[in-house]
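# Fold the following, please.
(chains A and B)
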There are 2 protein chains.
Amino acid sequence: MNFQLQHTDPKSKARAGLIITDHGQVETPIFMPVGTAGSVKAVHITELKNDIKAQIILGNTYHLYLRPGLEILRQAGGLHKFTSWDKPILTDSGGFQVFSLAENRKLTEEGALFQSHIDGSRHFFTPENVMDIQRIIGADIIMAFDECTPGTADYTYAKKSLELTERWLDRCITRFRETECPYGYSQTLFPIVQGCVYPDLRRRAAENVAAKEAEGNAIGGLAVGEPTEKMYEMIELVNEILPKDKPRYLMGVGTPANILEAIERGVDMFDCIIPTHNGRNGQIFTKNGIMNMRNERWKNDFSPLDENGTSFVDSLYSKAYLRHLFNTKEILGLQIASVHNLAFYLQLMREAREHIIAGDFSRWKNDTIENVMRRL
Amino acid sequence: MNFQLQHTDPKSKARAGLIITDHGQVETPIFMPVGTAGSVKAVHITELKNDIKAQIILGNTYHLYLRPGLEILRQAGGLHKFTSWDKPILTDSGGFQVFSLAENRKLTEEGALFQSHIDGSRHFFTPENVMDIQRIIGADIIMAFDECTPGTADYTYAKKSLELTERWLDRCITRFRETECPYGYSQTLFPIVQGCVYPDLRRRAAENVAAKEAEGNAIGGLAVGEPTEKMYEMIELVNEILPKDKPRYLMGVGTPANILEAIERGVDMFDCIIPTHNGRNGQIFTKNGIMNMRNERWKNDFSPLDENGTSFVDSLYSKAYLRHLFNTKEILGLQIASVHNLAFYLQLMREAREHIIAGDFSRWKNDTIENVMRRL
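Numbers count the residues shown, from 1 in each chain, chains lettered A, B, ... in the order given. All right, here's what the predicted structure looks like:
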């Protein structure tokens, strides 16, 4: 993987760049649709490419490891071939999902013992086997196995947790270097900065991660229960330390406002279930604000779903029709909302990039957040 | 509406024709995807047009009357505008759905009192108001309000039921003639032949329907519990009587085998939930037979979903991937199966038409049924 930093906004830390992988290029800042178990829910691969214009998607190691499982993925020749998505893929390390299992997992120095949410079967993730698993899944960018510290952790827990994450990172790097992609193309490993909301822990974590000289770096453990202002503060602090010539990925974030604020603070890559998950619950993001399609208000609004929208669903279908589809629990409603919201997020990223290059990012960002986050 | 009978197979009753409506032409024999409540489940309008190549779709009066309801449909300018489907539409009369409600409906000479399956609210369908409702929905072809006699009815019940259907038909025709399409284009009313499995009742029903000189005629009350051979027998008998220069629509049928057998017996139009409903349960129709995608057998079959398929899903996705999507209950699995099965049904209709025109329909039909209906 290669990263070209193309432009930095003169009035903020916002950056425009280009990630080059063996499966193609990614213009940053970028949003990565979440393809949990090998499918971006309710969205065809063709729609991802042609309508949403996704450049890279995310897969979840935890889910893919359980189903379809490594044997199928290996036989398929990796996740790209299995899903027919031939552009870049990033996989998380399973850390977040495993730690979300709460009562059904046990953490040791060696790794994490957990029970499958599907059948209760017992599995053990270690830094080493998570590298091996991600080699078999075959994503272009793979993530270090870490403990995702809850946003509400006390200092003692957060420090102990960070220390474990740092030891695990070294084990990940060692294993990653000892192995190679079974499919012949290049994979790269991103380390993750943890440290909860404690400035000194975040600083130490960022310095440790920076010292690894990876091709890209991630910020984890944010948007996990801490106040939003704390999140922005941590991003600022960490990005002061992470190398400027490498892409920075803020994991699991967020709303359009969160993303634009993080771009302003120097983040390049994002993933989040909000556009698809909230979309399936009837929430539609537009430049004029957020619509709840379950609301009676739209029942006879026959205007196009989004007159500023870039995907075919925006002009083809009306607000009233989408409201009817949600009201009658039609699958097509989930499809339309998912395509629309993802296309909106990707369009927002393209516009952010244009404004970074034009040099007026911050003013545009302030106006955009005000309009986009309004409830209609 | 206009119908041109273009070709009749010299060795069978199979026909190729052209239906001309104000929303475009339909080549027969044709299969109509079922768009119950204004959506062909899990399928975009664009996919219906470009990938499935549907020429006409069906809407259910019962469902559309309940949701979105007549006020919304009227304000939208009819179902075409509401859904963005600008090609021909046919609506059933609600008779089948109302009579399926069993305990929740009461039949009188005047009409059918029923309770909504959604909220238990009480409604009354009469031949007159069902014409009015279908005027507002605005389908190109609308159906008479009838009693759909169960396939297991005894002679006395079937005769009484047919007599009611015939009185209701006269009331439908009267009301239809007194009214017009509120949106300025032309609508046409198809009467329905009932009579259960009793030859003399079917004969009488067909003669009564034929005498109305409608622009097209339907055969109802089949595939509702009677033996398949009885169904074919009734179709043959009825089609001897129904006018040859008008399209014949066999309601709610069926499997690929049922449809091809009925085409051979002179039927031109079909609708059925099998391709979408069974598709959502993992059943995939191909020229080589029927696949159950929930089966372990496909878990590492990475060949294309259907090498003979005509839609993008057939070459883009593998059998193993679709099996994985069903295994993980991903919405995309429902989407792929629905697009595939509908495209398969429409392709089957195009091939049937070609073989009718080529004059070798029956031989092709026998081979095709043997291959298509095999379990893989």
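# centre of the chain versus stretch A:356-363, how much separation?
Relative to its chain's centre, stretch A:356-363 lies at 23 Å (C-alpha atoms, centre = their mean, to the nearest Å).
# and A:Lys319, how many neighbours does it have?
22 (other C-beta atoms under 10 Å in any protein chain shown). The way it works is simple: take the backbone N, C-alpha and C, and place the C-beta from them, glycine included.
# Next: A:Gly282.
20.
# How about the one 4 residues further on?
Burial of A:Thr286 is recorded as 20 neighbouring residues (other C-beta under 10 Å).
# same thing with A:Gly252?
20.
# Let me know whether it touches A:Ala223 as I believe.
Yes: using C-beta atoms under 8 Å, A:Gly252 makes contact with A:Ala223 at a distance of 5.5 Å.
# where's A:Glu226, which helix or strand?
A:Glu226 belongs to no helix or strand when assigned by DSSP states H and E.
# wait, it sits on A:Thr149?
No: using C-beta under 8 Å, A:Glu226 is not in contact with A:Thr149, being 10.0 Å away.
# So for these two, which residue has more residues nearby?
A:Thr149 (26 against 19).
# give the contact list for that one.
A:157-158, A:161-162, A:165, A:194-196, A:221, A:224 (C-beta atoms under 8 Å, 6 or more residues apart in numbering or on different chains).
# Out of these, which one has the lowest pLDDT?
Scanning those for pLDDT, the low point is A:Val224. It has 91.
# Run a quick neighbour tally on that residue.
There are 21 residues near A:Val224, going by other C-beta under 10 Å.
# now A:Thr126
By other C-beta under 10 Å, neighbour count at A:Thr126 equals 19.
# now swap in the one 3 residues further on and tell me
Other residues near A:Asn129 come to 17 when the count uses other C-beta under 10 Å.
# again, but for the one 3 residues further on
Residues lying near A:Asp132 (other C-beta under 10 Å) number 16.
# For it, what is the enclosing helix or strand?
Counting by DSSP H and E, A:Asp132 is part of helix A:127-137.
# A:Leu325 reaches B:Val40, doesn't it?
No: contact criterion C-beta under 8 Å: A:Leu325 and B:Val40 do not qualify, at 11.7 Å.
# Compare these two (neighbour count), which wins?
B:Val40 (29 against 25).
# Figure out the helix or strand that the residue of the stretch 51-200 of chain A found nearest chain B lives in.
Ranked by C-beta to the nearest C-beta, the top residue of the stretch 51-200 of chain A for proximity to chain B is A:Pro68, at 4.5 Å. Of the helices and strands defined by DSSP H and E, none includes A:Pro68.
# mind listing what A:Gly221 touches?
With C-beta under 8 Å, 6+ apart, A:Gly221 has these contacts: A:148-149, A:151, A:192-196.
# What parts of the stretch 251-376 of chain A come near chain B?
Neighbours of chain B within the stretch 251-376 of chain A, by C-beta under 8 Å from any C-beta of the partner chain: A:299-300, A:302, A:312-313, A:316-318, A:320-321, A:324-325, A:327-328, A:330-336.
# Who wins on neighbours among the contacts of A:Gly221?
Taking other C-beta under 10 Å as the neighbour criterion, A:Val193 ranks highest of the contacts of A:Gly221 with 34 neighbours.
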